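# Build me a model:
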Amino acid sequence: MYDTAKRVALVKQRVRENTRRRQRRGIYGLSAACMLLFAVMMQAVVVTVFCTRLRKNNKQQEQTKEDEET
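Residues are numbered from 1 along each chain as shown. Predicted coordinates:
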């Protein structure tokens, strides 16, 4: 059996390890959230660019049709 000082030291060590483990989990969670947010933002940018180009092409086609009619 350990003496009191040894048991206190072991408990403190276990508390530090658990605290570090909890902090690492928090960091991994934040990293995952940041990556998800980045992916969503990139998708929004791609959709915006695609819609802008599509609108521009539609306007050019309408202008071409109007020019052909006149």
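# what about V45, is that helix, strand or coil?
When classified by DSSP: H, G, I helix; E, B strand; the rest coil, V45 comes out as helix.
# That one: neighbour count?
Residues near V45, counting by other Cβ atoms under 10 Å, number 10. All C-beta atoms are positioned from the backbone trio N, CA, C, and that covers glycine.
# Against A39, how distant is it?
11 Å (Cβ to Cβ, to the nearest Å).
# Same question for stretch 13-26: list its buried residues.
Residues of stretch 13-26 classed as buried by neighbour count (16 or more other Cβ atoms under 10 Å): none.
# average pLDDT across it?
Mean pLDDT, stretch 13-26: 94.
# gap between that stretch and the chain center?
Chain-centre distance of stretch 13-26: 24 Å, with Cα atoms, centre = their mean, to the nearest Å.
# do the same with stretch 34-44
Per Cα atoms, centre = their mean, the centroid offset for stretch 34-44 relative to its chain is 5 Å.
# Other residues contacting that stretch?
Residues from elsewhere that reach stretch 34-44 (Cβ atoms under 8 Å, 6 or more residues apart in numbering): none.
# Where does pLDDT dip in the chain?
Where the chain drops to pLDDT under 70, the residues are 70.
# got the residue ranges for the helices in it?
In the chain, helices defined by DSSP state H lie at 4-69, listed in chain order.
# got the CA coordinates for stretch 12-28 in CSV?
Extracted as CSV, the C-alpha positions of stretch 12-28 are listed here (Å, rounded to 0.1, in the frame of the first residue of the first chain):
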residue,chain,number,x,y,z
LYS,A,12,-2.6,14.9,-8.8
GLN,A,13,-0.9,13.3,-11.8
ARG,A,14,-4.2,11.6,-12.8
VAL,A,15,-6.0,14.9,-12.5
ARG,A,16,-3.4,16.6,-14.7
GLU,A,17,-3.7,13.8,-17.3
ASN,A,18,-7.5,14.0,-17.4
THR,A,19,-7.4,17.8,-17.7
ARG,A,20,-4.9,17.6,-20.6
ARG,A,21,-7.1,14.9,-22.3
ARG,A,22,-10.2,17.1,-21.9
GLN,A,23,-8.4,20.1,-23.4
ARG,A,24,-7.2,18.0,-26.4
ARG,A,25,-10.8,16.9,-27.0
GLY,A,26,-11.9,20.5,-26.9
ILE,A,27,-9.2,21.5,-29.4
TYR,A,28,-10.2,18.6,-31.7
